[in-house]
Each structure stands twice: as structure tokens, then as C-alpha cells.
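>>> Mind folding the following:
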Amino acid sequence: MLARFRVLLPFAFSVPQGAKFQSEEFDKDGYHIRVHPPYQASTSVGALDDPSLPVSDILQKLHPADPIVIDQGITIDGVGTIRANAIQIDVWRSDFDRRAATSNTPGSNDPPIELLFGILNSYLDRARSVGRAHVVHRVEQGASCWRLEFLSDAEEELSPGLGKARARNGASFTMTIAGLTPALWQAACQLPANFQPKAWETLLLDAEAHLPAIVPSIFLAAAALETLIAAALIALAPSERMPAELWEFINNRGDYRKEASVAEQFDQLLHALTGHSLKEKPDLWEAFRNIREAPNTLMHEGSMVVGNAEVTRVQAFAFIVRTKEIADWIEEFLPPHAKRSPLGPLMQMQVSRALILNPPSPAI
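Numbering: from 1, shown residues only. Below is the predicted model of the structure:
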């Protein structure tokens, strides 16, 4: 029996027209597996922008496009290209556990979806490295559209069977929205035309923009905190009571080993200037230490680790939230000129999107 796994990529490879690729075959965990090269699907992630289109329709269109669309505007070695935005993995075994989900049981997981995504991401990691392709990245099971269809050895649809699944689907995607109201637009227009955001503000927004990518988001968050405290201490330094030479001596000793660390800036130096230390907020202090630790472990140990465990996507989101809370807390002590522009009028926003609409696919 054949289990055919297809997944929609959130990016596309430009493949020369007529290029011939080799499929990769191997055995793993009792399965015989064939990984096909990327192909052009009959749909794309752009279809998700249509609010009237049920995601079930997208899942039904993960098959190869026919006819294939050639992009003559992008060529490789003088040849037009195909935008390949999906990958297919075929899995064979004598039989699969196809028990369908019920109200009381979740159904079987054979072949394991985690196994298939692990194989997929192994290839994407390698393609990203050898191609120096920053646009290529791992695809997460919980943030992608995929379909696993069971077929006969002759690649024909199976007959319906009571309690037996003929396909399994997964549909999840990320939507990023910037809400805009007339009041918010007016608040932005009231800022001067030569307005420039704070350097640490830009780093913080960029850190959030890179989520769910763990490494760049946390690196940028750490940089935002370091830039924030440096700017805050300069703004807080009482020039009428502290000679400029003394402040320069404290912060620029000509040897970084003699200068106050970022932790000391958030603690002792901030306390000396405001009477407050980040240590007053134990949860924020712990988050600060973790955000600073994670990039260091990556550089020295090869992986981003906090507390002897590799940082997860959930933790990355939490770290960005904490970074924003630290910035809000620091701003309470800053003079007006050192703060960000006033927060615009808040709004209430609700997003509702049906992922799967009835009637169900006849192949399920």
C-alpha cells in the first residue's frame, strides 16, 4: 500500500524548465520511502489570502499543476523557470493502520506525520545550506497545509471502508495583520515628517517580525535590550552633577572587560541613576538573563539553549513578550525625549476564518 504525503511550501524554488532530478529512496523505521524533488502545485499559499476560499479546497489542489506555468522573467542558465512550491514523499508498507478518528478516539498516526516532517525538513536544511538560500526554511507541522492520501500499489484510490481513513489533512497557517483606524492614522500623521524611531525600538519590532524563527528573533531581542539600556543610561545621566569625563570613564574604559556588563547596566548603574533595578521584577530579570544566555550558548555550543534545554518556538514568543515588557518598564524612568512616540489609539480586533468547510472531501 502507498501513503502519499504532499505539503505546500511557504516559499518556492525556481527550477529550470526541463531539469531532471533524481528522487531519493531509502528505508526507515519499517517503511520504504521515496522523496521527490519539489514540484509546482495547482495552488499556492497566496490562495489563503482569499477569505471566501475554504482551506479544504486548497488541500484538494496539492497535486501537480497541469499545465505547468513557466516563468520567463526568471531564468537560470538562460532557461525559463518553474516555481516549485510543494514536495511529495511516498511511503510504502504492506499495510497501514488507517483507523479513522471518532468522537472518542483521535485516530491512528501511521505513517507518523512527525516522521514525514522530519524527512522533509532534513532535505530543506540541506538545500538551504548548499544553496546559501535564506528564503528556504523548515516547515512546521502546525503551521502548514498538507495532505496524506492512501492509495493502492498501483496508485489508485482505495474503496471506502467503514472506520478506515482514505486521507488525512492538516491545515494551519500564520496570518500577520497591521490594524489601521482613522484615529491611528491621524496619530501617525501628527509626528514630524523627519521622525526616526529609536534604534532599540526598530530592533524590538524586527525581533517580533522574525517570529516564529527562533534564532534571529532572540538575537534581535538581545540586541534590542543592550541598545535600550545603553540609550537609557545616557538619557538618565545627570549632566549637571556628573562631569562628562566621569561618565565616559564609566562606560568606555578602552577594554570591554573593564566596562560594566549589560547585566550591571540593568542592575547597578540603573539603580544608581533611578533608584530602581530590573531585579525588582524577578520575572523580567529571569527573562532578561535567559534572552542574553540563549545567543551565547548558540555561539559556544552550537545550539540555542536555556536551562539545559533547547529553546522552543513557544519560548521564543514568550521571550519577545518579556522583551517588550522590559522596554515598557524602562521607559517609565526616561525623560520624554528618550521615549518612543506615544502609543496610538488602541483598537479591538477579531479574526475569524473557517479552515475546513462542509461538505467533506469525497476522498476522506
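
>>> From now on I want contacts and neighbour counts done on CA atoms only, so please keep to that.
Noted.

>>> For residue 219, which non-adjacent residue is closest in space?
Nearest residue to residue 219 in three dimensions, chain neighbours excluded: residue 295, at 6.1 Å (Cα to Cα, 6 or more residues apart in numbering).

>>> Now do stretch 61-79: distance from first to last residue.
In terms of Cα to Cα, to the nearest Å, the two terminal residues of stretch 61-79 are separated by 27 Å.

>>> neighbouring contacts of that stretch?
Where contact means Cα atoms under 8 Å, 6 or more residues apart in numbering, the residues beyond stretch 61-79 that reach it are 6-8, 14-17, 39-43, 80-83, 86, 146-147.

>>> got it, and stretch 41-49?
Outside of stretch 41-49, the residues within contact range by Cα under 8 Å, 6+ apart are 8-10, 53, 55, 58, 61-66, 84-86.

>>> From the contacts of stretch 61-79, which land in helices?
Among those, none falls in helices (DSSP state H).

>>> Buried subset of those as a PyMOL selection?
This is how PyMOL selects the buried members of these, with burial counted by 16 or more other Cα atoms under 10 Å:
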select buried, resi 6+7+8+14+15+16+17+39+40+41+42+43+80+81+82+83+86+146+147
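
>>> Quickly list what the closest residue to residue 7 other than its chain neighbours is bridged to.
Take residue 7 and drop its neighbours on the chain: the residue closest to it by Cα to Cα, 6+ apart is residue 146, 4.2 Å away. Beta-bridge partners of residue 146, counted by DSSP bridges, are residue 7, residue 170.

>>> Show the contacting residues for residue 146.
When contacts are taken as Cα under 8 Å, 6+ apart, residue 146 is in contact with 5-8, 59, 62, 169-171.

>>> May I have stretch 283-300 as CSV, with CA atoms only?
The C-alpha atoms that make up stretch 283-300 are tabulated as CSV, following Å, rounded to 0.1, in the frame of the first residue of the first chain:
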residue,chain,number,x,y,z
ASP,A,283,10.1,37.5,36.2
LEU,A,284,11.6,40.2,33.9
TRP,A,285,15.1,39.7,35.3
GLU,A,286,14.9,36.0,34.7
ALA,A,287,13.7,36.6,31.1
PHE,A,288,16.5,39.1,30.6
ARG,A,289,19.1,36.6,31.7
ASN,A,290,17.6,33.9,29.5
ILE,A,291,17.4,36.1,26.5
ARG,A,292,21.1,37.0,27.0
GLU,A,293,22.1,33.4,27.6
ALA,A,294,20.5,31.9,24.6
PRO,A,295,22.7,33.6,21.9
ASN,A,296,25.8,32.8,23.9
THR,A,297,25.0,29.1,24.0
LEU,A,298,24.4,29.1,20.3
MET,A,299,27.8,30.7,19.6
HIS,A,300,29.7,28.5,22.0
